[in-house]
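*Asks:* I need the structure of the sequence given here:
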Amino acid sequence: MKNILYVLIGLMAGFVLAAVLLIVTRMSPGQPVTLEPAPTQAPIVIQIMGEVVKPGVYSMPDGSRVQDAVDAAGGLLADADTGSLNLAARLEDGQQVVISSSGSALTTPTPTHSPFTVLTTLTPRVTTTPRSALVNINTATLQQLDTLPGIGPVTAQSIVTYRQQHPFQHIEDIMNVPGIGPATFDRIRALITV
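*Replies:* Residues are numbered from 1 along each chain as shown. Model (predicted):
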């Protein structure tokens, strides 16, 4: 009888162990832990033009300075006017930075309440250009044309002479004027209209 009792206890222990294993294997393993990247601020988009190696539109980290934009554009050209250029000015999204040549004098546009116009400082060298401040190449005077980067008095006169016979239909037509090539056009593209 003792042997039967041991067999029964062994069977009962086997059933309990099998039940425990069945319960443990059927339990849900839970959800895996996933790590999310740290939140980052969206980049700002600015346009830099004028006396830089590669004028254009650039995405910059929030908090960037004018010096960062100049570096992204390949640096300043030899003719850049750095006398009143504030390289430490903080950039804002949608801002246009114009680096003038040492021979031209840009005026600071009057502030507007448009959300797309941002003035960097009240210096005449780094400014934004509201739409109303664009130079109309069909009607501009010699003095207005002369304020454009890379356009001097001789080229301004060539523009006036050319437009008398061939009014400009598109801003790209200015490249038909002798002395204005793609490089000069890239520097004045955002400053002119027809």
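*Asks:* can you pull out the helices in this protein?
*Replies:* 2-26, 66-72, 142-146, 153-165, 182-188 (DSSP state H).
*Asks:* Let me have the ones you listed in a markdown table, extended by mean pLDDT and mean neighbour count.
*Replies:* The way it works is simple: take the backbone N, C-alpha and C, and place the C-beta from them, glycine included. Shown next, in a markdown table, are the helices of the chain (pLDDT from 0 to 100; neighbours: other C-beta atoms under 10 Å):
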| stretch | mean pLDDT | mean neighbour count |
| --- | --- | --- |
| helix 2-26 | 85 | 9 |
| helix 66-72 | 91 | 19 |
| helix 142-146 | 86 | 15 |
| helix 153-165 | 90 | 15 |
| helix 182-188 | 87 | 16 |
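*Asks:* I figured Ser158 hits Asn176, correct?
*Replies:* No: using C-beta atoms under 8 Å, Ser158 is not in contact with Asn176, being 10.4 Å away.
*Asks:* circling back to that earlier point, next, format the helices of the chain as a markdown table and append distance to Val33.
*Replies:* As requested, the helices of the chain are exported to a markdown table (distance: least, C-beta to C-beta, whole Å):
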| stretch | distance to Val33 |
| --- | --- |
| helix 2-26 | 22 |
| helix 66-72 | 37 |
| helix 142-146 | 64 |
| helix 153-165 | 66 |
| helix 182-188 | 51 |
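*Asks:* Point out the one among those that comes closest to Ile46.
*Replies:* Proximity to Ile46 (C-beta to C-beta) singles out helix 66-72 among these, at 5.8 Å.
*Asks:* Need the contact partners of the closest one.
*Replies:* 46, 48, 52, 58, 60-61, 76, 85-89, 91, 97, 99, 120, 126 (C-beta atoms under 8 Å, 6 or more residues apart in numbering).
*Asks:* which one of the helices of the chain lies closest to Ala80?
*Replies:* Of these, nearest to Ala80 by C-beta to C-beta is helix 66-72, at 8.8 Å.
*Asks:* care to break this protein down by domain?
*Replies:* 40-130, 134-194 (automatic domain parsing).
*Asks:* Would you format these as JSON lines with distance to Ile4 included?
*Replies:* Below are the domains of the chain laid out as JSON lines (distance: least, C-beta to C-beta, whole Å):
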{"stretch": "domain 40-130", "distance to Ile4": "73"}
{"stretch": "domain 134-194", "distance to Ile4": "100"}
